[in-house]
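**Student:** Got a predicted structure here, sequence first:
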Amino acid sequence: MSIIYFLIGCSIMLALVFLGAFFWAQRTGQNDDMYTPGVRILLDDEPQEEKK
Amino acid sequence: MAVDTLTKTTCYHCGDDCNKAIEFDEKTFCCNGCKQVYSILSNNGLCNYYNYNDHPGANRARTDKRFGYLDNESIISELIDYSDDTKTIVTLYIPYIHCSSCIWLLEQLHKINPAIYYSRVDFIKKQVNIRFNKKEVSLRQVVELMSDIGYEPLISLHDIVKDQVVGQKDNLVKKIAVAGFCFGNVMLLSFPEYFGLSGYEQNFRQFFGWLNILFAIPVLLYSGSGYFVSAWHNLRNKVLNIDFPLALGIAVLFIRTVAEILTHTGAGFADTLCGLVFFLLVGKFVQQKTYYHLSFERDYRSFFPVAVQVIEGDRESPLPLSGLKVGQRVRIRHNEIIPADAILLKGDARIDFSFVTGESIPVNKTLGEVIYAGGRQMGEAIELDIIKPVSQSYLTQLWNNEAFTRQQDNRMQTFNERVSKYFTVILLIIAFGAMAYWLPTDARRGVAAFTAVLIVACPCALALSTPFTMSAALGVLDRNLFYLKNTAIVERLAAIDTIVLDKTGTITLGGRAGVLVDANLTNYQKQIIYSVCSNSGHPLSRQICELFNDYERLPVVSYREYAGKGITAYVAGYFVSIGSNRFVNVPRVKAEDKITTRVHIQFDEQYAGYISFEQAYRPGLKEITDLAGKYKIYLLSGDNDQERNALLPYFKDSGYMQFNASPQQKLDFIKSLQLAGRKVMMMGDGLNDSGALKQSDLGVAVTDNVNNFSPGSDAILDGRSLNKLPQFLRFSKNTVSIIHASFLISVVYNLIGLSFAVTGMLSPIIAAILMPLSTATIISFTSIATHLAAKKRELS
């Protein structure tokens, strides 16, 4: 059963990585705008030769 | 008439009806402005703009903004976020952003001008973040480019939209993340304890215990720190608020957990501690609703231009408003706002004071007359001599009143604040009572009972009931176009017993809506009327011109104007007279003539009809004044009492109507009502109401477009929802009842918990079940009840 020490250690490390990732996302402003990216993805890129 | 509708076309760009359609590229446009935007876009291969939505553009018929002041270095440095040799970053607020086409086009700016590297739209905040090379393109050129394609930024140095409490909220999210992280892990580590550990697993117990303490430390020191700070702060001010028992509960939970684990006497309450802090912070988060597109904190500076054109000798240069001094000569052009009290030196001044008084009919001013700040010049450029500094003008000195300098906004105590005082005292009495009861016989049990009481009675449910109810209520009101500054306002709304209404703009509709044509006029006759009226500077003529401005002017002969009566002229062989009923030979004079302003029209001695300038009241006025049984309703107008008779049916008697009130008098009127013990709600729209809005217990700004400037207030109400005000008031009373009910529920839970606690036999598992259970009950009860209340009031 000593494997539990190792497993719990792993799970906590993993959880800490996720927490760190969330902090990073928050700090770099990835959660600032929750709406526009959803619209932006629906807009197509322009085809190069568009007729006037 | 039928023929008319068949030929009607809509503008390809903005979707407005075209009266004189301009054909271009097989498309029709209503004006040159729209056509120009289209040609810019098509030249840059950006016609996809029109594919995402029909008619996404703004009407470009009026384009008279100037951005000369954006060349001024000190103004630039205040506007931009960051700048170095190659890159400048600026965030601009564009009220017009409304659809996906807007996002698409504004993010293609680099295709129109390669010196713009990058542009990103934040749709909710209606902002665009632009990075450009300032060596190749200036800020002014960027703004002009955006203006050219129909997205004119609203530039103000004092707009608070940019830096609202975003930072605070960001910090809260981090605290919640930490608390949630620890809560999840602690739960995981506590489960074995609850399910029972067999003999050979006993060494895990210590390990899990230590880990639990480790996880509880960041929750205590980081996530929960706010409660300790707040409790300490309030204690020093001799106030017992809800944060005190919360902080006490958190501290006791932690100490007892550590003590139990260290002494091997129990598993501790680490999961309850983490869960408590987590739920409390979530409650706080829910309460902090921010409307990015609204600003409640505006003062006069947001209304005023960023810079004015100052004339020195024969040079004219833009000067930031803060640098404006008495004695300087300024030039104000069409549609610009006069920033300080000034004397008219040159030009034909026709000032629209709708910002100040709500009155939309422009006022003519003669040379040498003093013009108060806040007026908007319509027509040609005028020159003015500044006689008072910006902050000391007639209008702006209102902001020096104490109502504006008042730091804290503790005009009304919330239910939570009132209750938590007693709650804390009773809690402490029970805790010490339990300790005193056990202490002589069993000291250990006494301490256990004391701490257990503090843990179990920790007013988590009480602390959550208000935020969850109020944020649900805020959401309901929000859907009905009534935007409150924060959740505490709902309770204030419920406590109101007096309503004070401003007249112009608040209960009346401004603009063209009130102009009614009651005459059978052919298009040709309308053209004639337009031609005659365009000669006159009379405000009513101006309004008629605005009504018929689609027509071409015809030559007018022997035009005569009779002051205070009317005008006559020959147009295309017709003798036209336009004016009052005594001036024009009106067949029958109706009684309403005294109430509404009417202009009668006559062609060749034949009466053709009249155009009435009725003050159209908003649809909600009747509903509001029907509340007179429960609320005292006053009218407080800065206007003259011309409409006293028209409004009398709505109000109890003329004692409830006050006219000719200056901004200061409005403020004083509210104050006198408050001194008489009334809880006053002020509804207004203009800058002149700012003082009254601020002084009142609940200031509501009524506006037709929530993105427009509205004075600083506690709430913003869209004019279309004015008729729902009685429902809002009733609904707010319901939400307060819901808070009372959920308080009762939380008290019941506390009593159950206390019955375990006072015996000193509180096991961690009971605390761990009781706390989330009560929280879940409160959250579901408040949201369901609020939803039902909204349905009952037909607000959902």
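**Tutor:** Received, thanks.

**Student:** so what pLDDT did the spatially closest residue to B:I382 that is not a sequence neighbour get?
**Tutor:** Spatial nearest neighbour of B:I382, chain neighbours left out: B:G347 (3.4 Å); criterion: CB to CB, 6 or more residues apart in numbering or on different chains. Where you see a C-beta, it was placed from the backbone N, CA and C, and this is true even at glycine. We have a pLDDT of 83 for B:G347.

**Student:** so how many other residues sit close to B:G347?
**Tutor:** 18 (other CB atoms under 10 Å in any protein chain shown).

**Student:** all helices for chain A, in order.
**Tutor:** A:3-27, A:36-40 (DSSP state H).

**Student:** again, but for the stretch 251-400 of chain B
**Tutor:** B:270-287, B:300-303 (DSSP state H, counting those that start in this stretch).

**Student:** remind me which residues of chain A are low pLDDT?
**Tutor:** Along chain A, the model assigns pLDDT under 70 to residues A:45-52.

**Student:** swap the cut-off to 50 and go again
**Tutor:** A:50-52 (pLDDT under 50).

**Student:** For it, which residues are neighbours of chain B?
**Tutor:** A:1, A:4-5, A:8, A:11-12, A:15, A:18-19, A:22-23, A:26, A:31-36, A:39-40, A:42-44, A:46, A:50, A:52 (CB under 8 Å from any CB of the partner chain).

**Student:** Using CSV, please lay out the helices of chain A together with mean neighbour count and distance to B:T88.
**Tutor:** Listed next are these as CSV, based on neighbours: other CB atoms under 10 Å in any protein chain shown; distance: least, CB to CB, whole Å:
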stretch, mean neighbour count, distance to B:T88
helix A:3-27, 12, 23
helix A:36-40, 15, 22
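
**Student:** that older thread, surely the residue nearest to B:I382 and B:M378 touch.
**Tutor:** No - in this structure B:G347 lies outside contact range of B:M378 using CB atoms under 8 Å: 11.7 Å.

**Student:** burial count for B:C460?
**Tutor:** Neighbour tally, B:C460, other CB under 10 Å: 28.

**Student:** Can you give me the separation between it and chain A?
**Tutor:** 24 Å (CB to the nearest CB, to the nearest Å).

**Student:** For stretch B:207-221, which residues meet the burial criterion?
**Tutor:** B:208-209, B:211-213, B:215-216, B:218-220 (16 or more other CB atoms under 10 Å in any protein chain shown).

**Student:** Please point out which parts of the longest helix along chain B sit buried.
**Tutor:** For chain B, the longest helix by residue count, based on DSSP H, is helix B:725-757. Burial within helix B:725-757, assessed by neighbour count using 16+ other CB under 10 Å, is assigned to B:725-736, B:738-739, B:742-743, B:745-747, B:749-750, B:753-754, B:756-757.

**Student:** Need the per-residue pLDDT for the nearest residue to B:A349 once chain neighbours are set aside.
**Tutor:** Leaving aside its chain neighbours, B:A349 sits nearest to B:K365 (4.0 Å; criterion: CB to CB, 6+ apart). B:K365 is assigned 82 on the pLDDT scale.

**Student:** my read: B:K365 touches B:M378, true?
**Tutor:** No - between B:K365 and B:M378 there is no contact, the gap being 11.3 Å when judged by CB under 8 Å.

**Student:** ok but B:A569 is inside a strand, no?
**Tutor:** Yes - assessed with DSSP: H, G, I helix; E, B strand; the rest coil, B:A569 lies in a strand.

**Student:** mind listing what the closest residue to it other than its chain neighbours touches?
**Tutor:** Take B:A569 and drop its neighbours on the chain: the residue closest to it by CB to CB, 6+ apart is B:Y559, 4.2 Å away. By CB atoms under 8 Å, 6 or more residues apart in numbering or on different chains, the residues touching B:Y559 are B:532, B:535, B:567-569.

**Student:** Can you lay out those residues as TSV showing neighbour count and pLDDT?
**Tutor:** Output for the contacts of B:Y559, formatted as TSV (neighbours: other CB atoms under 10 Å in any protein chain shown; pLDDT from 0 to 100):
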residue	neighbour count	pLDDT
B:V532	26	82
B:N535	16	76
B:I567	21	85
B:T568	19	85
B:A569	21	86
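
**Student:** In contact with B:A58, which residues are there?
**Tutor:** B:14, B:96, B:150-151.

**Student:** please redo it, this time with the cut-off set to 6 Å
**Tutor:** B:96, B:150 (CB atoms under 6 Å, 6 or more residues apart in numbering or on different chains).

**Student:** Check the gap between A:T28 and chain B for me.
**Tutor:** From A:T28 to chain B the distance is 12 Å (CB to the nearest CB).

**Student:** Distance check, the residue nearest to B:A569 against B:V308.
**Tutor:** B:Y559 sits 36 Å away from B:V308, going by CB to CB, to the nearest Å.

**Student:** which residue sits closest to the residue nearest the centre of chain A, ignoring its sequence neighbours?
**Tutor:** Central residue of chain A (CA atoms, centre = their mean): A:A25, 6.7 Å from the mean position. Of all residues beyond its chain neighbours, the one nearest A:A25 is A:N31 (6.2 Å), with distances taken as CB to CB, 6+ apart.

**Student:** B:M681 reaches B:L698, doesn't it?
**Tutor:** Yes - judged on CB atoms under 6 Å, B:M681 makes contact with B:L698 at a distance of 4.4 Å.
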